[in-house]
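Asks: sequence plus the predicted model coming up.
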Amino acid sequence: MNRTCLHDLHQSAGARMIDFGGWHMPVVYTGIIDEHRHTRSAASLFDVSHMGRLEFHGPDAEALLQSACTRNVARLAVGRCGYSHVCNERGGVRDDVIVSRYADHWLMVCNASNREKIVAHLGELMRGMNVRLVDRTLDTAMIAVQGPRAWDTLRHLPLGITADPAAIRRYAFVGGSTLGVEYGLFRTGYTGEDGFEIVVPAAVGPTVWNYLLASEQRGGPAVRPAGLGARDTLRLEAGMPLYGHELGEEIDSISSGCGWCVDLNKDFVGAAALRRVATDGPKRKLVGLNIEGKRIARQGTAVLHGSTQVGEVTSGTLSPTLDRVIAMAYVDAAHAAEGTALAVDLRGEPAAAVVGPLVFYKRAG
């Protein structure tokens, strides 16, 4: 398995490690609920260095990304990021990515488990183009700082970052170099809270991680490390899809509720198939479910209307913030309206469920 530059720090902190997308990653430190709630109330650090970081250089870089991505990336201004899908010819999702535009190149962040697949796909698309792909995944670190106190944690980071947080809008970034150390600071995230991702050379990653964890010693907020377990419950509350659950090669972008990141007025791989889905309407839709009781509906759980299966759960949890069972599921379009009464089959015992908004939690402000 691959290891991030922070691997030894996770182990020394007592994190439980698992294989995640071919990487040895921390799933939990003190407890998922504790880490989840701390992120919602203060700020937590997540090692997301396993995610792919691909740079594109050359005059045809924009044309390549336009061909690969559902979003019209040509509309991104320098210093802006955009969420997008990379699709197959059937409109199924090869991966969901974030594309960022620099003055002289582009950056794509993709999922760890899909990095090799995406590199190969883009390699095919870029044949005959004047573009160079540089995989920066292994020589950089990416640290996510998430929570309402995220900026308070970062404001004194010794990287020469002087930008006011108000100047770094949501889905924007700044980059620079301090004492020969290149950095990028991106205001994105995957928790439903305010948050930033810091990209620095791998050799500097452990120093940045330890500095941020010592925030309280400098009069800042208490910052704790959090693992993949809390990251999953946080993103589920925020209604954010996860590849392998809500997204996949057999799931199209529109049915997944992500039609907002698809521009059907431009050509890209999968555009023709997605235009057909948009015209005919999706046969099934991704919805939020509020489930009665405390038993969790896991991925693959059948969703019922009466005695007929009309869908399947993709993700479910007992929400640490809301203290009730929630789930995301694909259901037939005829049963996808908010307020529809359904049920989930919990090992032969039905539990009442009601279709609700896909986003279960929204942060104040």
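Replies: Alright, I've got the coordinates. Numbering: from 1, shown residues only.

Asks: longest strand in the chain, please.
Replies: Looking across the chain with DSSP state E, the single longest strand is strand 308-318.

Asks: let me see the mean pLDDT of that strand.
Replies: Averaging pLDDT along strand 308-318 yields 98.

Asks: give the buried residues for that strand.
Replies: By 16 or more other CB atoms under 10 Å, the buried positions in strand 308-318 come out as V310, G311, E312, V313, T314, S315, G316, T317, L318. Where you see a C-beta, it was placed from the backbone N, CA and C, and this is true even at glycine.

Asks: list the helices and strands that strand packs on?
Replies: Strand 308-318 sits against helix 228-237, strand 284-291, strand 302-305, strand 325-332, strand 341-346, with contacts defined as 3 or more CB pairs under 8 Å, 6 or more residues apart in numbering; DSSP states H and E.

Asks: format the buried residues of strand 308-318 as JSON lines; extra columns: distance to N114.
Replies: Shown next, in JSON lines, are the buried residues of strand 308-318 (distance: CB to CB, whole Å):
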{"residue": "V310", "distance to N114": "30"}
{"residue": "G311", "distance to N114": "25"}
{"residue": "E312", "distance to N114": "22"}
{"residue": "V313", "distance to N114": "22"}
{"residue": "T314", "distance to N114": "17"}
{"residue": "S315", "distance to N114": "18"}
{"residue": "G316", "distance to N114": "23"}
{"residue": "T317", "distance to N114": "23"}
{"residue": "L318", "distance to N114": "29"}
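
Asks: P26: which of those is nearest?
Replies: Closest approach between the buried residues of strand 308-318 and P26, by CB to CB: T317, at 18.6 Å.

Asks: what bridges to the closest one?
Replies: I326 (DSSP bridges).

Asks: contacts only, for it.
Replies: For T317, the contact set (CB atoms under 8 Å, 6 or more residues apart in numbering) comprises D232, T233, L236, I296, V325, I326, A327.

Asks: rewinding a little: biggest separation within the buried residues of strand 308-318, which pair?
Replies: Maximum pairwise distance among the buried residues of strand 308-318 (CB to CB): 23.5 Å, between V310 and L318.

Asks: what sits against the residue of the chain positioned farthest from its centre?
Replies: The outermost residue of the chain, judged against the average C-alpha position, is S307 (35.0 Å), by CA atoms, centre = their mean. Residues near S307 by CB under 8 Å, 6+ apart: none.

Asks: and the nearest residue to G58 once chain neighbours are set aside, backbone torsions?
Replies: What sits nearest to G58 in space, not counting adjacent residues and going by CB to CB, 6 or more residues apart in numbering, is V131, at 4.0 Å. The phi and psi values for V131, taken as degrees, to the nearest 10, are phi -150, psi 150.

Asks: same deal with A120?
Replies: Dihedral angles of A120 (phi, psi; degrees, to the nearest 10) stand at phi -70, psi -40.

Asks: pLDDT weak spots in the stretch 51-200 of the chain?
Replies: Applying pLDDT under 70 to the stretch 51-200 of the chain flags residues 158-166.

Asks: can you give me the helices for it?
Replies: Secondary structure of the stretch 51-200 of the chain, counting by DSSP state H, counting those that start in this stretch: helices at 61-68, 115-125, 150-154.
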